[in-house]
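[1] return a 3D structure for these sequence lines:
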Amino acid sequence: MKVLKYVAITAIAGFMASCTNEAMVEEVQTSSLNLTTRGITDPVGVQDVAELMSVVDINDAIMQEVKAGVDRSLKYGMGETFRFNDILKPEESKLIRTIEITRSLSNELRKAYLSIKSTKKVKLADVEFFTELANGNLMIRWPYSQNWNGIDKPTIGFASEDGYTLYKPVQQSDGTFFIEEKEVTDEYIKENPIWVIAESDLSYDEIPNFENGEFYNKDSVFFYSKYAVKKLKEKSPKLAQKGLYIVNILFKEHYEGGLAGAGEFDFYWQSVPGGIGNSKKIMHTSSSGIIDDIQQIDLQVKSEWLRNERSNGLVVLEKDGGKNKTGIQVLQYSKADFGGEQNIEVSFPYEKKDEFILNHIWGWGSFLDENNIALDGTPKKYYGKDNHFWITFKYYE
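    Have a look, this model is predicted:
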């Protein structure tokens, strides 16, 4: 998940820049916070929306609406989330357009904004604020939503980087907000509903239109879910093409903790067709609901692996955000079938706080039957970080 930061009111920003992390947390606990505070590039930020959500009367209709949205997101492999794009514009939604859902939360958000606007100065007019929110990447994350008893109302806030501190906005009588800080454990999160306002690492434009039966986005990235595999197999029961396929994957952990929710993972395949380095994101998925459960993928990685591509590679990243970075895999290419090999650097994008789950290079022929079988006769498993992830392949000739 993308890591998020928050800031206190502009008046104390200069002071906070020179403080330690501990002093910054203390300042957040005791200072009034401004609804319109946001990052330089974010017209509407996480803290803004957390404060707005904190004054909404969360009734049963809203609870059911958010639960339905989160359930639909889980179905499509997008984690326990409900994006504000879908909340504010359900008729255009790529995830919930085809289900009946109330607009209770959308209506109450607008009422809450008017209420706040009546007690304090805000920088954005209603239309501007909700346009920004509807077109941004903010969302509600509901960890362990499947544990909800159908009765309890949520605590609403935003989370620390490690996922174990909840920052809960509380509105005061003069309209300003202060932040209550609460340490949480995994057990507490499982037993008590918490709605975390967070930012997705994916822009809405990157998501396939699931409601139109699409599971590949505009860049041909496969968004894996059990439902996606089921629907695609209904269209094509058998593998129609030869080539290299990802067969199975298994996650033994989320590589995240607490309020950070499940991990979001990007798969990048590196190759050297014709001696030219190429990196392609081939798959995205979330670990929600699939821990310790072998997943059948059957995704074609490449239609043919020519012998002169002496090596190819795969990088699996757990997305945490941060500054854009560039990684390198050094692959080999030969103009002839054998000999004369040259090293070719293939670059791939990642972000500073991303976690490398797998970074592996295979030689040509690694996935041919005789080379791809473990001692117990099963397909060879290739393990990732701490052996908490593995992947299998098959090459069809």
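[2] ok, now which ones touch the spatially most central residue of the chain?
    The central residue of the chain, meaning the one whose C-alpha is nearest the mean C-alpha position (C-alpha atoms, centre = their mean), is residue 264 at 4.1 Å. For residue 264, the contacting residues are 1, 79, 201-202, 284-287, 318-319, by C-beta atoms under 8 Å, 6 or more residues apart in numbering. C-beta here means a position set from N, CA and C on the backbone, and glycine is covered the same way.
[3] from residue 389, how far out is it?
    The gap separating residue 264 from residue 389 is 14 Å, by C-beta to C-beta, to the nearest Å.
[4] repeat for residue 185
    As for residue 185, its distance to residue 389 is 25 Å (criterion: C-beta to C-beta).
[5] who has more neighbours, these two?
    Neighbours per residue, other C-beta atoms under 10 Å: of residue 185 and residue 389, the larger number sits with residue 389, 23 against 10.
[6] who does that one form a beta bridge with?
    Here residue 389 sits in beta bridges with residue 251, going by DSSP bridges.
[7] surely it touches residue 358?
    Yes. Residue 389 is within contact range of residue 358, at 6.4 Å (criterion: C-beta atoms under 8 Å).
[8] so what sits against both of those two?
    Common neighbours of residue 389 and residue 358 are listed as 316, 383 (criterion: C-beta under 8 Å, 6+ apart).
[9] now for this structure, the helix or strand with the poorest mean pLDDT.
    helix 13-17 (a mean of 29; mean pLDDT, DSSP states H and E).
[10] related to what we said a few turns ago, the residue nearest to the centre of the chain and residue 245: what is the separation?
    Residue 264 sits at a distance of 23 Å from residue 245 (criterion: C-beta to C-beta).
[11] show me where pLDDT drops low in this structure?
    Applying pLDDT under 70 to the chain flags the ranges 1-43, 121, 237-240, 337-339.
[12] how does it divide up, domain by domain?
    10-204, 215-396 (automatic domain parsing).
[13] re the thing from before, burial count for the residue lying closest to the residue nearest to the centre of the chain once chain neighbours are set aside?
    Taking C-beta to C-beta, 6 or more residues apart in numbering as the measure, residue 264 lies nearest to residue 319, with 4.7 Å between them; neighbours along the chain are not counted. Summarising burial for residue 319: neighbours were counted as other C-beta under 10 Å, giving 24.
[14] isn't residue 243 right up against residue 304?
    Yes. Between residue 243 and residue 304 a contact is recorded at 5.8 Å, counting by C-beta under 8 Å.
[15] contacting residues around residue 243?
    Under the contact definition (C-beta under 8 Å, 6+ apart), the residues listed for residue 243 are 300-305, 395-396.
[16] same check on residue 279?
    Shown in contact with residue 279 (C-beta under 8 Å, 6+ apart): 268-270, 346-349.
[17] quick check: of those, which lies closest to residue 75?
    residue 268 (25.5 Å; C-beta to C-beta).
[18] distance of that closest one from residue 347?
    With C-beta to C-beta as the criterion, residue 268 and residue 347 are 10 Å apart.
[19] looking at those two, which has the bigger crowd around it?
    For residue 268 versus residue 347, neighbours defined as other C-beta under 10 Å are more numerous around residue 268 (21 against 11).
[20] any idea whether the more buried one is helix, strand or coil?
    strand (DSSP: H, G, I helix; E, B strand; the rest coil).
[21] touching, it and residue 315? I think so.
    Yes. Using C-beta under 8 Å, residue 268 is in contact with residue 315, at 4.5 Å.
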